[in-house]
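In: This is a predicted model, with the sequence first.
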Amino acid sequence: MATQDAAVAPLFADHSDGIVRGHRGLWSDAWRRMLQNKLAMLGLGALATILVMSLVATQMNVVERHAPHDITTAKQLGPTGDHFFGTDQLGRDTWARTLEGVRISLQIGLGTQLVVLSLGLFFGVLAAFGGKLTDNLVMRFTDIMFSFPDLLFIILLREILNGQGIKFLTGTMVMILAIGMIAWTTIARLVRGQMLSLGERDFVTAARALGATRWRIVTTHMLPNTLGPVIVAVTFGIPTAIFAEAALSFLGLGIPAPAASLGTLVADGNRFVQVNVWNVVFPAGAIAVLMLSFTFIGDGLRDALDPRTRG
Amino acid sequence: MLGYTLRRVLWIIPVLWVIATLTFFLMQAVPGGPFTSEKQRPPALEEALQAKYGLNEPLWQQYATYMGNIARGDLGISFDGDRPVSGIIRHSGFISAQIAILSFVVAVTFGISLGTISALNHNKPLDYAGVLFATVGASVPNFVLAAFLSIIFGVELGWLKLLGWGGPPEISDIFNPSAYHPSKMVLPVVALTVLPAAYIARVTRASVLEVLSQDYIRTARAKGLSEFWVVMRHTIRNALIPVLTVIGPIAAILVSGSFIIESTFGIPGLGRESITAVQRRDYGLIMGTTLFYALIVAIANLIVDVLYAVVDPRIRYR
C-alpha cells in the first residue's frame, strides 16, 4: 500500500502554491495530529498508567500491597501510608479493590466492544451487500433493537445467561455479552452507511473496472476506509459500556460477589458513607477518570481521522 | 410531509409488536417463575396459581392470548397483589414523568445557554469553563453524581432530603401547592439532568460555531446589525436545528437514567417498578413497562424527525 502511494504521489502533489508537502498516509497523518492533541495525549497517558498499574498489581506486591479480598480488623480507615485509599467496612484494602474494579471495568469496556464490533460489522456488511430485501429486514431489526429500553434488555439477558450454569459464562462474561448484544446498532448503521457511500466513489468504480473481485473490493478498498469512523465509535462505546456495567453493579444487578466492580464498590461505600466517605470518593473517582480518558481519546481520534479537518 | 408523518406513526405499531414478542420470549427464558420462592408451596397451590394466571398453557397460546389482550388495550395484571398493570404504569409513570420533564426542561435551558455562551466566547475562559462542564458532566456517571450530591447537600450540609420524591403523587394534586416538597425534588432532578445538559451544551456549541462562520452572519454584521441581533435573529435560530436531533437520544438517556436515579433515591417510579418486576418475574409488569418505555422512545424519535422537516425546509422526505 505504502509503496504504491509513494509511486503515485508525485503525479498528484500540488505544486501550485510552491509548497511541496511530503507525502503522508491517512494513518501517519492521523497519528501526527493525535500527538498534537494535548487532551488526547493526557487521556492516553492516564489510561496507559491505569492499565499497567491494574495489570502488574496482581503480580507485584509493591503495587497491590494487600489482597483485594483479605478481611482484616483495620476497618473503615481513611487513606494511610499503608492503605493508600483506606479500608472498607470489612477491613479490605480499598486501593487493591479499586485496582481490581478497574481491571473488571476495562475487561467490560474492551470485551463489550469486541462483541459490538463483530455484530455491528456482520449486520452492517450484510445490510449493505445482501440485496434490497435483506437490507430492509436488517435495518428495520436494527431500528427496533435501537428503541429497546437498553437497561431492561441487559437485565433480562443477564438473568437468562446467569441461569444457564455454563462455566464459560462468568459474571464478567455475562455482562460483556448482555451489554454487547444491545449496543451494536450504532456500528451496524455506521458500517452500512459508509459501505453504501463508498460504493459510489470513483476509486471503487476504478477497482471494479480493473476487474477486482467483489470480495477484494470490499476487503481491501472499502473496509479499510470505514475503519476511521468505526474506531471512533468503538472508542466512545467503551466508556458507555463501562458506565452501563457500573450503574447495574451499583443497583446490585451486575457482577456477583466476591468480585467487585467499581459500581459495586461505590454502592458498598455509599451504604457506610456517613462513617467513611473515602470508599465512595476513590472508586467513583476511578470511574470518572476511566470514562474521561476514553472520551478524550475518542475526541482526539475523531479530530485526527476526520478528513474534513485534514490540513 | 403528511404521508411521511403518517407512515412514521404507523411504523410504531410493528416496532412495538416485535419488541413485545422479543420481551415475551426473553422473559420466559429467564429461569424461575413468578411463584418460585424459597419456601416450598404445596403442589396443589402451585398448580392453582399457575392455572389462575394461565401459566400452565402452552407458551404459544399464552403469547397469542397476551397479544390479543394488548391489541384490545388490556395490559393484564401484575402478579404482585393482582393490581392492573395499566394502573401501576399510570401511577408510577406519573412520578417518573415529572422527574423526566423537569430534567428535560432544565437540561435544554441550561445546555443551550451554556453551549451558546461557550461558542460566543470561543477560546476564552468562559468557553473553557463551558467545555470543562460539558466534558466532565458527560463522564461522571449519574449514580456517582447522586452519591456525591447526597454526601454534600444531604449528609454534610443537611439542606436536602435524600429519599423519596417531592412532587405530587397523583395527577389530581398537580395544582395543589402543599403536594410539592422542593427539598425532595432538587437532588434527583440535578443528578438526572447533568448528563443530558452536558450533551446538549456540546452539540449547541459546535452548531453555533459552525453558524458563526457562515457567510450570512458576515453579511448581517456588514449591514451594520448590532451583535445582539446577529446572535438572536441569525445565529441561535439556525444553530438550534441540529440540536433538535439530540431529543431522541436524550429521551433514551432519561429513560435509562430514571432506572438508576429512582433506585438510588428510593423513588417509587416506573424505572424502579420495572427492575423489581424482572427480579420478581412479574411477567405482566415486565411486558407493560418495556412496551411503555419503547413507546416513549419511539414517540420522541418521531417528534424529532417531523420537527426536523418542519423547521428545515431544505429537508424533504419521500
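Out: Received the coordinates, thanks.
In: For burial, what's the neighbour tally of whichever residue of the stretch 151-300 of chain B sits closest to chain A?
Out: Taking CB to the nearest CB as the measure, the stretch 151-300 of chain B has B:Tyr293 as its residue closest to chain A, at 4.0 Å. All C-beta atoms are positioned from the backbone trio N, CA, C, and that covers glycine. Using other CB atoms under 10 Å in any protein chain shown, B:Tyr293 is surrounded by 29 other residues.
In: Tell me the buried residues in the helix or strand it falls within?
Out: Counting by DSSP states H and E, the secondary-structure element that holds B:Tyr293 is helix B:283-311. Of the residues in helix B:283-311, B:283-294, B:296-298, B:300-302, B:304-306, B:308-309 count as buried by neighbour count, 16 or more other CB atoms under 10 Å in any protein chain shown.
In: repeat for stretch A:92-112
Out: Residues of stretch A:92-112 classed as buried: A:92-109, A:111-112 (neighbour count, 16+ other CB under 10 Å).
In: now do stretch A:37-51
Out: Under the neighbour-count criterion of 16+ other CB under 10 Å, stretch A:37-51 has A:Asn37, A:Leu39, A:Ala40, A:Gly43, A:Leu44, A:Ala46, A:Leu47, A:Ile50 buried.
In: So which bits of the helix or strand bottoming out on mean pLDDT in chain B are buried?
Out: Least confident helix or strand of chain B, by mean pLDDT, DSSP states H and E, is helix B:43-52 with a mean of 74. Going by neighbour count (16+ other CB under 10 Å), the buried part of helix B:43-52 is B:Leu49.
In: Distance from that helix to the middle of the chain?
Out: In terms of CA atoms, centre = their mean, to the nearest Å, the centre of helix B:43-52 is set 38 Å apart from its chain centre.
In: Could you do stretch B:47-66 as well?
Out: On CA atoms, centre = their mean, the centre of stretch B:47-66 falls 32 Å from that of its chain.
In: That stretch near chain A at all?
Out: No. Contact between stretch B:47-66 and chain A is absent, the nearest approach being 15.1 Å (criterion: CB under 8 Å from any CB of the partner chain).
In: near chain B too, which of the buried residues of stretch A:37-51?
Out: With the criterion set as CB under 8 Å from any CB, no member of the buried residues of stretch A:37-51 is near chain B.
In: Helices - which of the residues you listed land there?
Out: A:Leu39, A:Ala40, A:Gly43, A:Leu44, A:Ala46, A:Leu47, A:Ile50 (DSSP state H).
In: Pick out the residue in chain B sitting closest to chain A.
Out: Nearest residue of chain B to chain A (CB to the nearest CB) works out as B:Pro31 at 3.2 Å.
In: Can you classify that residue by secondary structure?
Out: Judged by DSSP: H, G, I helix; E, B strand; the rest coil, the three-state class of B:Pro31 is coil.
In: A:Gln89 too?
Out: When classified by three-state DSSP, A:Gln89 comes out as coil.
In: I figured it hits A:Val273, correct?
Out: No. Contact criterion CB atoms under 8 Å: A:Gln89 and A:Val273 do not qualify, at 11.0 Å.
In: out of those two, which sits in the busier spot?
Out: Ranked by neighbour count (other CB under 10 Å), A:Gln89 and A:Val273 place A:Val273 first, with 20 against 14.
In: residues from the stretch 1-150 of chain A in reach of chain B?
Out: For the stretch 1-150 of chain A, the residues in contact with chain B (CB under 8 Å from any CB) are A:Arg140, A:Phe141, A:Asp143, A:Ile144, A:Ser147, A:Phe148, A:Pro149, A:Asp150.
In: Name the helix or strand for the second one, please.
Out: If I follow you right, that is A:Phe141. Per DSSP H and E: A:Phe141 is located in helix A:131-147.
In: residues of that helix that come out buried?
Out: A:Asp135, A:Val138, A:Met139, A:Thr142, A:Asp143, A:Ile144, A:Met145, A:Phe146, A:Ser147.
In: can you pull the contacts of the third one?
Out: What that stands for is A:Met139. Contact analysis of A:Met139 by CB atoms under 8 Å, 6 or more residues apart in numbering or on different chains lists A:Ala127, A:Arg189, A:Arg192.
In: Among those residues, which one lies nearest to A:Ile71?
Out: Checking the contacts of A:Met139 against A:Ile71 by CB to CB gives A:Arg189 as the nearest, at 48.3 Å.
In: What residues does whatever residue of the stretch 101-250 of chain A ends up closest to chain B make contact with?
Out: Closest to chain B within the stretch 101-250 of chain A is A:Gly163: 3.2 Å, counting by CB to the nearest CB. Contact analysis of A:Gly163 by CB under 8 Å, 6+ apart lists B:Val30, B:Pro31, B:Gly32.
In: what's the pLDDT at it?
Out: Note for A:Gly163: predicted pLDDT of 78.
In: ok, now the one 10 residues further on?
Out: What the model reports for A:Met173 is a pLDDT of 89.
In: okay, now it: neighbour count?
Out: A:Met173 has 17 neighbours, counted by other CB under 10 Å.
In: if we can go back for a sec, any common contacting residues for A:Gln89 and A:Val273?
Out: What both A:Gln89 and A:Val273 touch, as defined by CB under 8 Å, 6+ apart, is the set A:Asn279.
In: secondary structure element for the closest residue to B:Glu227 other than its chain neighbours?
Out: Spatially, and ignoring its direct neighbours in sequence, B:Glu227 is nearest to B:Arg221 (7.7 Å; CB to CB, 6 or more residues apart in numbering or on different chains). Element membership of B:Arg221, judged by DSSP H and E, is helix B:215-222.
In: any chance of the contacts of A:Gly163 in a markdown table, plus neighbour count, distance to B:Ala97 and pLDDT?
Out: Below are the contacts of A:Gly163 laid out as a markdown table (neighbours: other CB atoms under 10 Å in any protein chain shown; distance: CB to CB, whole Å; pLDDT from 0 to 100):
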| residue | neighbour count | distance to B:Ala97 | pLDDT |
| --- | --- | --- | --- |
| B:Val30 | 20 | 28 | 81 |
| B:Pro31 | 12 | 33 | 79 |
| B:Gly32 | 11 | 32 | 74 |
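In: and the angle for the longest helix seen in chain B with helix B:283-311?
Out: Secondary structure of chain B read by DSSP H shows that its longest helix is helix B:85-120. Orientation check (axes from the mean of the first three to the mean of the last three CA atoms, to 10 degrees): helix B:85-120 against helix B:283-311 gives 40 degrees.
In: For helix B:85-120, buried residues please.
Out: Buried residues in helix B:85-120, defined by neighbour count with 16+ other CB under 10 Å: B:85-86, B:88-89, B:91-100, B:102-104, B:106-108, B:110-112, B:114-120.
In: Repeat that for stretch B:5-15.
Out: Going by neighbour count (16+ other CB under 10 Å), the buried part of stretch B:5-15 is B:Arg8, B:Ile12, B:Val15.
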